[in-house]
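Chemist: just the structure for this:
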Amino acid sequence: MSRRLRLILLVLGSLAAAVALALVLAVYLLLQPDRFTAMLQSQAHGVGLELNLASPASPSLFPHPALELRGITLSAEDANAPILLAARGSLALPWHTLLGGPTVISQLQIDSPRVDLDALQAWMAALPAQGGNTPANIPRIDTGVTISHGSLVRGNQVLLDNVTLQAGRLASGQPFPLSLSATAAGAPWRMRLSATPRIEGTTLQLNQISLHLSQGTAITLALSGSAHWHGAADASASLGGKLDQADAGEYAISLALTPANQNNPLLLALKLDGPDNHADLRLPPLALARWWSELGNQEHPQLTVPPGNGHAEFARIDTGNVTIEGLTVQAGTSVPAPASTAAVASQAAQPSTKP
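Modeler: This next block holds a predicted model:
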């Protein structure tokens, strides 16, 4: 090899090394993984959460700027059990964010997340009510969210498995589509949701809600309506539609959520009307979740009456290995009087026609 050729190769090699070093420096200068990790941890801390990573975030520029997160743990502050564990995640960032523009996430991907329902409920129950002057916020995600191989658990019990979630662009005033599939008790379920989130003053509004939930062709639930949220238990919603069971028929269903106040907790009013099944119930969702959690406590199970108010009549309930027929539930202050008592009261109220 001639001296001139060796010199050319040496120069080209030096240039390639310089370009590679410049790219590495550009990745760290532009993405600044420590800055973005601190930003994520700060945002989590603002809502009472702690975000930890098994290793520092690693940046990449190809095929698009992104931060790779590994060993993700999300916990409520001072909690014993984490809310979320995930093997890895990826945050794709647009160039204008890297060059000093507003912090925007292009896409969020999470692989193999495990969500503990008890820990999530405990964190939500401890959230303070959002003040009237505190502005609401919608985190902007340009191209969507992808979750794969997820699970929802309560303790050691798996409630949902094989969870896959695909969501579109999340931005105020823009339609937000979401699709989810999962396995529950061995049965496949699918959900499609679309809504338009919008900020009005300090209120987060969800307008034009359309919800479709199905288990194959056996059960189909379709609801539409709207919802509003000020923070914590200050929430309201109104949804209506139909429930179609292949073996039982079609039911009209409505859900109304009323916010908590000084005298009443957050309440969900459920009305169901169809062949052989009727329900008119008012349920406190947070108290009902705590009751269900205590019922499933294997060490200290507590068999108590579930919280709620109203009445329900079900001809048949089939939950896997358990089948209940002719179930009637009456609870709370709005329990209707027995038919015999009502008849006596009606007769006593009528004026006498005897001389």
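Chemist: please count neighbours and contacts with C-alpha atoms only from this point.
Modeler: Noted.
Chemist: what's the next secondary structure element after the helix or strand hosting Ser42?
Modeler: Using DSSP states H and E, Ser42 falls within helix 33-45. Going down the chain from helix 33-45, the next helix or strand is strand 49-53, by DSSP H and E.
Chemist: so what touches that next one?
Modeler: Strand 49-53 has contacts (CA atoms under 8 Å, 6 or more residues apart in numbering) with 40-41, 44-45, 69-77.
Chemist: state the helix or strand in which Leu255 lies.
Modeler: Using DSSP H and E, Leu255 falls in strand 249-258.
Chemist: no, scratch that, I was asking about Leu180
Modeler: Counting by DSSP H and E, Leu180 is found in strand 176-184.
Chemist: same question, Trp189
Modeler: Counting by DSSP H and E, the element that carries Trp189 is strand 187-200.
Chemist: pLDDT (mean, whole number) over the helix or strand just after that strand?
Modeler: Counting by DSSP H and E, the next helix or strand C-terminal to strand 187-200 is strand 203-215. Strand 203-215 shows a mean pLDDT of 91.
Chemist: how about low-confidence regions in the stretch 1-150 of the chain?
Modeler: Applying pLDDT under 70 to the stretch 1-150 of the chain picks out residues 1-33, 61-63, 96-104, 127-139.
Chemist: how about the secondary structure of the residue nearest to the spatial centre of the chain?
Modeler: Centroid-nearest residue in the chain, with CA atoms, centre = their mean: Leu120, separated by 9.9 Å. Under the three-state scheme (DSSP: H, G, I helix; E, B strand; the rest coil), Leu120 adopts helix.
Chemist: tally up the residues packed near the nearest residue to it once chain neighbours are set aside, please.
Modeler: Excluding its sequence neighbours, the residue lying closest to Leu120 (CA to CA, 6 or more residues apart in numbering) is Ile83, at 5.5 Å. Residues near Ile83, counting by other CA atoms under 10 Å, number 22.
Chemist: go on, Val329?
Modeler: 13.
Chemist: show me what the host helix or strand of it pairs with in its sheet, parallel or antiparallel.
Modeler: Per DSSP H and E, Val329 falls inside strand 322-331. Counting by DSSP bridges, the strands paired with strand 322-331 are strand 309-319 (antiparallel).
Chemist: how far does the partner strand sit from its chain's centre?
Modeler: How far strand 309-319 lies from its chain's middle: 26 Å, per CA atoms, centre = their mean, to the nearest Å.
Chemist: Pro306 reaches Leu286, doesn't it?
Modeler: No - using CA atoms under 8 Å, Pro306 is not in contact with Leu286; the gap is 11.7 Å.
Chemist: list buried residues within the contacts of strand 49-53.
Modeler: 41, 44, 69-70, 72-76 (16 or more other CA atoms under 10 Å).
Chemist: and of the residues you listed, the nearest to Ile219?
Modeler: Comparing these against Ile219 with CA to CA picks out Leu74 as the nearest, at 34.1 Å.
Chemist: picking that back up, now the strand holding Val329: average pLDDT?
Modeler: Mean pLDDT, strand 322-331: 73.
Chemist: any buried residues in it, and which?
Modeler: Under 16+ other CA under 10 Å, the buried positions of strand 322-331 are 330-331.
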